[in-house]
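**Q** Sequence and predicted model, in that order:
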Amino acid sequence: VDFDERTIVDSDGVIHLQAVPRSMVVVGAGVIGMEYASMFAALGTKVTVVERRERMLDFCDEEVVESLKYHLRDLSVTFRFGEEVAAVERHQTAALCILKSGKKIVADTVMYSAGRQGQTDGLALDAAGLSADRRGRIEVDANYRTAVENIYAVGDVIGFPALASTSMEQGRLAAQHACGEPARAMHGLQPIGIYTIPEISFVGKTEEELTDSSTPFEVGIARYRELARGQIVGDSYGLLKLLVSPDDGRLLGVHVFGTGATEIVHIGQAVMGCGGTVDYLVDAVFNYPTLAEAYKVAALDAANKIRNITRIDG
């Protein structure tokens, strides 16, 4: 792809645009692609998202993704799933994006967001006795040590989840291990935050994962429009979803879509990490009015459903 930092850009070059484009094609419906697509859509850009897979953000809860998709379509975002870009032609005033299916899309700007590449090409890894895969990723053990005993690697360069939050913690743990200091392994409950507009955040399992593993669960939902704070901030589309074990009330997953999602997900993370149950949230008193109150509403919803099943099924 012939990037020129004006008509054809990547996620680094997009911040150097001199003006908000009237139209944009975003190639790739991953985290970064959807974050930029929603940002520019909110600014009034006519955005077309092209993704070779049949859905976007496939590691997220499907209901949450559908909510984001609905919201973006309301901002005139067009989705082209199951499509691949064959070529991009740069013209004097715009770019022509040609898909393998034969479709052609004209846009002021084309932004490529087809995954992160580990920036290892200039590190002369072979001189240190190391190598990287085709995406520039280095293999490490549980302590982030590479095949060379005195070299550690963390962050995007070792692959998923490639988040700033997890990368910082990986760096801390690697330093602890390198210096012989005691350290606990990273907790399995790592929140995922996606800064689309509106935000998405979750911790734990999705409905699809629980279904695939034949794990029984009940769903509790709170919609922001049911909350006083949701009405105050004007968020009528936000929701918080709790996935609860009907056997012992444990929280199996927390999924949030809407204003402050990346902030309030940590309440669910703390409850899950401490082994708390849905009963804790039912009995807890939350400040009023807050978005965090959604936890109590969703917990009551899940608890009522579980109670109804118990009443019928014994």
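**A** Perfect, thanks for sending it. None of these values were measured; they are calculated from a predicted model. Numbers count the residues shown, from 1 in each chain.

**Q** Any idea how many residues pack against the residue nearest to residue 109 when sequence neighbours are not counted?
**A** Leaving aside its sequence neighbours, residue 109 sits nearest to residue 21 (C-beta to C-beta, 6 or more residues apart in numbering; 4.3 Å). C-beta here means a position set from N, CA and C on the backbone, and glycine is covered the same way. Around residue 21 there are 25 other residues, counting by other C-beta atoms under 10 Å.

**Q** all strands of the stretch 151-300 of the chain, in order?
**A** 192-194, 200-204, 218-223, 239-244, 251-257 (DSSP state E, counting those that start in this stretch).

**Q** And the last one, how far out from the chain middle?
**A** Taking C-alpha atoms, centre = their mean, to the nearest Å, the mean C-alpha location of strand 251-257 is offset from the chain mean by 13 Å.

**Q** the inter-axis angle of it versus strand 200-204?
**A** 180 degrees (axes from the mean of the first three to the mean of the last three C-alpha atoms, to 10 degrees).

**Q** What pairs with strand 251-257, parallel or antiparallel?
**A** strand 200-204 (antiparallel), strand 239-244 (antiparallel) (DSSP bridges).

**Q** contacts for it?
**A** Residues from elsewhere that reach strand 251-257 (C-beta atoms under 8 Å, 6 or more residues apart in numbering): 60-61, 63-64, 67-68, 198-207, 210, 215, 217, 237-245, 262, 264-265, 268-269, 271-272, 276-278, 294.

**Q** Surely residue 52 touches residue 83?
**A** Yes: using C-beta atoms under 8 Å, residue 52 makes contact with residue 83 at a distance of 6.6 Å.

**Q** higher neighbour count, these two?
**A** residue 83 (19 against 16).

**Q** Relative to residue 29, how far out is the more buried one?
**A** Look at residue 83 and residue 29: by C-beta to C-beta, to the nearest Å, they are 11 Å apart.

**Q** And the closest residue to residue 286 other than its chain neighbours, how far from residue 142?
**A** The shortest distance from residue 286 to any non-neighbouring residue, by C-beta to C-beta, 6+ apart, is to residue 293 (4.4 Å). To residue 142, residue 293 is 39 Å away according to C-beta to C-beta.

**Q** Compare these two (neighbour count), which wins?
**A** residue 293 (22 against 9).

**Q** you'd agree the more buried one is up against residue 229?
**A** Yes: assessed by C-beta under 8 Å, residue 293 is found in contact with residue 229 at 6.9 Å.

**Q** the domain parsing of this protein - what is it?
**A** 8-112, 125-179, 195-313 (the TED database).

**Q** could I get these as TSV with mean pLDDT?
**A** Shown next, in TSV, are these (pLDDT from 0 to 100):
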stretch	mean pLDDT
domain 8-112	94
domain 125-179	93
domain 195-313	96
